[in-house]
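Participant: coords below, sequence missing:
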Ligand code: BDR
Ligand code: CA
């Protein structure tokens, strides 16, 4: 039986890669997408999620629209220089034919988790607002979910949205602190590992030769994203952030993991910084918090090989 997952996403080029990586992996069943602001506004994230399902030939996979705003502070806005103004590398996609669900992202998550106790894994690869809202509406999802494997945060390394913080967490630190503090198993696949996974131009060139519609779509949208990495980081290729969370689900042995409680800074210059308590000593603020699986090392060659193999044909 494949493991049922809900991907909470702000597509986004690397979100697209992660969603398709999951859909092409027989161990996983994507039972729905929920959308969130981040790389683009929520309305466009929703349009893109529906587009992605139609491109994949899976318009039956439901898309539930998420929150338009973070829990406590205004959304800082999209990042058109990273993913394109359309979030899809500025390739001018037609409008989708389908519509989102009437249920909100939080409602959809609650319905699915509570009706299938112990079966649903949440895979958030954007800001954590919808997940925190679902917890607020129905705290018992914490006992009924299988686990949460998220892309976000930076435990022992600098951020990317600011020197302190990673983009997904920075976009809603209050929500992230709720999610890391809830009584469920969270795995944090953050910049500590994703900045070690460089899918190079040579790897990306393979997508151009692939015939399946998911790989062909990635081949179209990835050049814009790649250009961003070349300009900003001076690297050949891209960091595959969101796919790393999917890779963890497929093969956790790819990662080295530490178990630490995490708090999220919500104030000042370091807003959005994820702070692990790496010591054994209980510290006020971190005491009584659940242990998070924090990914700190990755076999990047094996991970990239896995993703390339799943996308091939
Ligand atoms: C995260 O931010 C977004 O730009 C990516 O889609 C990824 O989820 C990386 O910090
Ligand atoms: Ca994302």
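Facilitator: Ah, there it is. Model, not experiment: these values are computed from the prediction. Ligands and ions are numbered 1, 2, ... in the order given.

Participant: The most centrally placed residue in the chain and ligand 1, how far apart?
Facilitator: Nearest to the mean C-alpha position of the chain, counting by C-alpha atoms, centre = their mean, stands residue 125 at 1.1 Å. Remark: distance between residue 125 and ligand 1 (C-beta to the nearest ligand atom, to the nearest Å) = 5 Å. The way it works is simple: take the backbone N, C-alpha and C, and place the C-beta from them, glycine included.

Participant: could we number from 718 for the rest of this?
Facilitator: That works, and once the first residue is 718, the last one we named lands at residue 842.

Participant: List the contacts of that residue.
Facilitator: By C-beta atoms under 8 Å, 6 or more residues apart in numbering, the residues touching residue 842 are 724-727, 729, 731-732, 735, 867-869, 885, 958-959, 962.

Participant: Low-confidence stretches in this structure?
Facilitator: The chain contains no residues with pLDDT under 70.

Participant: So what touches whichever helix in the chain runs longest?
Facilitator: Longest helix in the chain, counting residues (DSSP state H): helix 930-950. With contact meaning C-beta under 8 Å, 6+ apart, helix 930-950 is reached by 730-731, 733-734, 737, 740-741, 769, 772-774, 798-801, 805-808, 918, 921, 924-925, 927, 952-956, 1028-1030.

Participant: Give me the subset of these that lies in helices.
Facilitator: 730-731, 733-734, 737, 740, 769, 772, 798-800, 918, 921, 924-925, 1028.

Participant: re the thing from before, what about ligand 1: which of the contacts of helix 930-950 touch it?
Facilitator: 731, 799 (C-beta under 6 Å from any ligand atom).

Participant: Of the contacts of helix 930-950, which count as buried by neighbour count?
Facilitator: Neighbour-count burial (16 or more other C-beta atoms under 10 Å) applied to the contacts of helix 930-950 gives 730-731, 733-734, 737, 740-741, 769, 772-773, 799-801, 805-806, 921, 924, 927, 954-956, 1028.

Participant: so what secondary structure elements neighbour whichever strand or helix holds residue 762?
Facilitator: Assessed by DSSP states H and E, residue 762 sits inside helix 759-772. Packing contacts for helix 759-772, counted by 3 or more C-beta pairs under 8 Å, 6 or more residues apart in numbering; DSSP states H and E, involve helix 730-740, strand 745-752, strand 780-781, helix 930-950.
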